[in-house]
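Participant: quick one, what's the 3D model for this:
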Amino acid sequence: MSTIEANRGFAAGGVGNVFATFFSALSGWNDVRVTRRELSRLSDRELDDIGLCRGDIDRIARSL
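Facilitator: Reported below is the predicted structural model:
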């Protein structure tokens, strides 16, 4: 007697993982973009109030 094992979940999971990875990267990129935009809208005084300067914006946004 032989056993046949069909692993259909692997192919579907692989495609699902590709989409999940893509959307995760897209979401991360958007978070950085929105954070950078919002911090850039603050005045120098407001940035100083929270302990930042304009040069910190990219570093802070990328650290999310």
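Participant: spatially nearest residue to the residue sitting nearest the centre point of the chain (excluding sequence neighbours)?
Facilitator: By CA atoms, centre = their mean, the chain has its centre lying nearest to Gly28, at 1.1 Å. Excluding the flanking residues, the one nearest Gly28 by CB to CB, 6 or more residues apart in numbering is Leu64, at 7.3 Å. All C-beta atoms are positioned from the backbone trio N, CA, C, and that covers glycine.
Participant: verify the stated contact: that neighbour with Thr35.
Facilitator: Yes: contact criterion CB atoms under 8 Å: Leu64 and Thr35 qualify, at 6.1 Å.
Participant: okay, those two: which has more neighbours?
Facilitator: Neighbour comparison, Leu64 and Thr35: the larger count goes to Thr35, with 17 against 10 (by other CB atoms under 10 Å).
Participant: and the more buried one, how far from Asn17?
Facilitator: Counting by CB to CB, to the nearest Å, the gap from Thr35 to Asn17 is 27 Å.
Participant: now swap in Ala25 and tell me
Facilitator: In terms of CB to CB, Ala25 sits 12 Å off from Asn17.
Participant: ok, Gly28 next?
Facilitator: From Gly28 to Asn17 the distance is 16 Å (CB to CB).
Participant: is Leu52 in a helix, a strand, or coil?
Facilitator: Under DSSP: H, G, I helix; E, B strand; the rest coil, Leu52 falls in the coil class.
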